[in-house]
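1. pasted the sequence and its predicted model underneath.
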Amino acid sequence: MQLESLPRLDGFAMPAEWASQAQIWMAWPERPDNWRDAAAPGQAAFARVANTIAEHEPVSMVVSAAQYARARAALNPAVRLIEMSTNDAWMRDIGPTFVRRADGALRAVDWTFNAWGGLKGGLYHPWDADDAVAGKIAEIERVPAYRAPFVLEGGAIHVDGEGSCLTTEECLLNPNRNPALSRAQIEQHLRDYLGVETVLWLGAGTLHDETDGHVDNLCCFLRPGVVALAWTDDEQDPQYPISLDAYRRLQAMRDARGRALEIIKLPIPRTPICMSPAEAAGVLTVPGTLPRPAGERLAASYVNFLICNGAIVLPAFGDPNDELARGILAEQFPGRVVRQVPGREILYGGGNVHCITQQQPA
Ligand code: KQY
């Protein structure tokens, strides 16, 4: 059922990720022009994420007909598989953003999706199957949906469930998303569809993030009034001025409740992560799709983790800082177990654990 009004006017708002969840949605990767070696290593990494989450709460995975048997064999029987067409596998961005009312009623926001920039810098075309995913999921769950006439991906926002939304100028003010809208109009769309009051703007996203700087790879809420920020102390690292600018902006902000933010620095991997020539050779080169050259630094960030019921699912990169990031998050989330999963192959596709998952609130 498609709704004509606005979530805010109907009393709905997006809950924080730490609120109790009914399930996690994911999509199975397969396109060989994004995932190396016919997507086999990427599929193993996605299966590990899904099977890990399934130990804590239900998981639904959408998958093409062609890949159904392969996915079934790799996934824990507890993971529900649903046949559905997609263009790729970034459920954070193509799935619905669920909004909830105080009485517990649930609805979905179905954002307009243009593959991170449409024909002006987008990552692939066509993207029509991806754009249809949120509406299909809402139908499967019998959740009424608002179709937003506004280009947005779920990875471009983080909310604290108490009226604040974090985002970046690099992404939301990018002319390849909503060129006809002013900053004030974009803020109003966020208020209307997420039920927030205050938009907290960071500048650029993580270095080389191909989404045009999604906030979920740079900074996220850990709880109301506390954020984690991807950080390096190395002033020679091109990530340094980006993180410093974000840090200064966060220091100067007040959230919707008037609080100053506590900022937890989460180190980025100590060694830049790149694809080797052999790994890059496994990605099919197709005109119109982002090439994946060997040796190019990828946007590796431990901020790209998922909060699920009882757990934090955190990428590991085989870097000395894997352990440091795990320890920091274990301290920040005393009531949850930190489950670290291999994130390198997901990074090779352009994102990480948060980008490939979407929570459905309880
Ligand atoms: O990180 C994300 N949210 C999506 C990345 C898309 C990469 C496509 N190659």
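-> Here it is on my side, so go on. What you see is a predicted model, and the numbers here were worked out from it, not measured in a lab.
2. which bits of the stretch 101-250 of the chain sit near the ligand?
-> Contact residues, the stretch 101-250 of the chain versus the ligand (CB under 6 Å from any ligand atom): 123, 155, 210-211, 214. In this view, the C-beta of every residue, glycine as well, is placed from N, C-alpha and C.
3. tell me the most packed of those, by neighbour count.
-> In terms of neighbours by other CB atoms under 10 Å, these top out with residue 214 at 31 neighbours.
4. now do that residue, the pLDDT please.
-> With respect to pLDDT, residue 214 scores 98.
5. that one touches residue 153, doesn't it?
-> Yes. Here residue 214 reaches residue 153: they are 6.8 Å apart, a contact under CB atoms under 8 Å.
6. what's the overlap in contacts for these two?
-> Shared contacts of residue 214 and residue 153 (CB atoms under 8 Å, 6 or more residues apart in numbering): residue 171.
7. residue 135: how many residues sit nearby?
-> 15.
8. residues in contact with it?
-> Residues in contact with residue 135 (CB under 8 Å, 6+ apart) are 2, 96, 110, 145, 147.
9. and it, which of the three is it?
-> helix (DSSP: H, G, I helix; E, B strand; the rest coil).
10. next: residue 199.
-> strand.
11. if I pick it, what's in contact with it?
-> Residue 199 makes contact with 164-165, 167, 187, 190-191, according to CB under 8 Å, 6+ apart.
12. name the nearest of those residues relative to the ligand.
-> Minimum distance to the ligand across the contacts of residue 199 is 13.5 Å, recorded for residue 167 (CB to the nearest ligand atom).
13. for the closest one, list each beta-bridge partner.
-> Counting by DSSP bridges, residue 167 is bridged to residue 201.
14. so it makes contact with residue 201?
-> Yes. Judged on CB under 8 Å, residue 167 makes contact with residue 201 at a distance of 6.4 Å.
15. of the two, which one has the most company?
-> residue 167 (26 against 17).
16. what sits against that one?
-> Contacts of residue 167 (CB under 8 Å, 6+ apart): 156-158, 190, 199-202, 215.
17. inside strands: which ones of the contacts of residue 199?
-> 164-165, 167 (DSSP state E).
18. residue 20: neighbouring residues, count only.
-> Residue 20 has 10 neighbours, counted by other CB under 10 Å.
19. now it: closest residue in space, sequence neighbours ignored.
-> With CB to CB, 6 or more residues apart in numbering as the criterion, residue 20 has its nearest non-adjacent residue at 4.1 Å, and that residue is residue 362.
20. next, work out how far apart the one you found and residue 106 are.
-> Distance, residue 362 to residue 106, by CB to CB, to the nearest Å: 9 Å.
21. again with residue 180
-> On the measure of CB to CB, residue 180 and residue 106 end up 31 Å apart.
22. which of those two has more neighbours?
-> Neighbour count, other CB under 10 Å: between residue 180 and residue 106, residue 106 has more, with 19 against 6.
23. identify the bridge partners of that one.
-> According to DSSP bridges, the residues that bridge with residue 106 are residue 100.
24. so who does it touch?
-> 98-100, 143, 360-361.
25. at 7 Å instead, please
-> Residues counted as contacts of residue 106 (CB atoms under 7 Å, 6 or more residues apart in numbering) are 98, 100, 143, 361.
26. so which of those residues comes closest to the ligand?
-> Nearest to the ligand among the contacts of residue 106, counting by CB to the nearest ligand atom, is residue 98 at 17.5 Å.
27. in stretch 8-22, which residues are buried?
-> Within stretch 8-22, the residues scored as buried using 16 or more other CB atoms under 10 Å are 8, 12-18, 21.
28. repeat that for stretch 50-65.
-> By neighbour count, with 16+ other CB under 10 Å as the criterion, the buried positions of stretch 50-65 are 50-54, 56-64.
29. figure out how far it is from the centre of its chain.
-> Here stretch 50-65 is found 16 Å from its chain centre; the criterion is CA atoms, centre = their mean, to the nearest Å.
30. so in that sheet, which strands flank the helix or strand of the chain with the lowest mean pLDDT, and in what orientation?
-> Using mean pLDDT, DSSP states H and E, the weakest-scoring helix or strand in the chain turns out to be strand 2-3, at a mean of 87. Each strand paired with strand 2-3, and its direction, by DSSP bridges: strand 145-151 (parallel).
31. got the contact list for the partner strand?
-> If you take CB under 7 Å, 6+ apart as the criterion, strand 145-151 is touched by 2-3, 6-7, 96, 107-112, 114, 135, 138, 177-178, 189, 193.
32. report pLDDT for the residue lying closest to residue 351 once chain neighbours are set aside.
-> Once flanking residues are discounted, residue 351 sits nearest to residue 90: 6.1 Å by CB to CB, 6+ apart. Here the pLDDT value assigned to residue 90 is 98.
33. residue 90: what's it in contact with?
-> Contact partners of residue 90, counting by CB under 7 Å, 6+ apart, are 351, 355-356.
34. try it again with 8 Å
-> 27, 130, 153, 155, 350-351, 355-356.
35. what's the burial count for the residue lying closest to residue 231 once chain neighbours are set aside?
-> Closest residue in space to residue 231, ignoring its immediate chain neighbours: residue 265 at 3.8 Å, by CB to CB, 6+ apart. As a burial measure, residue 265 scores 14 neighbours (other CB under 10 Å).
36. tell me how many other residues crowd the closest residue to residue 137 other than its chain neighbours.
-> Nearest non-adjacent residue to residue 137, counting by CB to CB, 6+ apart: residue 96, 5.5 Å away. Neighbours of residue 96 under the rule other CB under 10 Å: 25.
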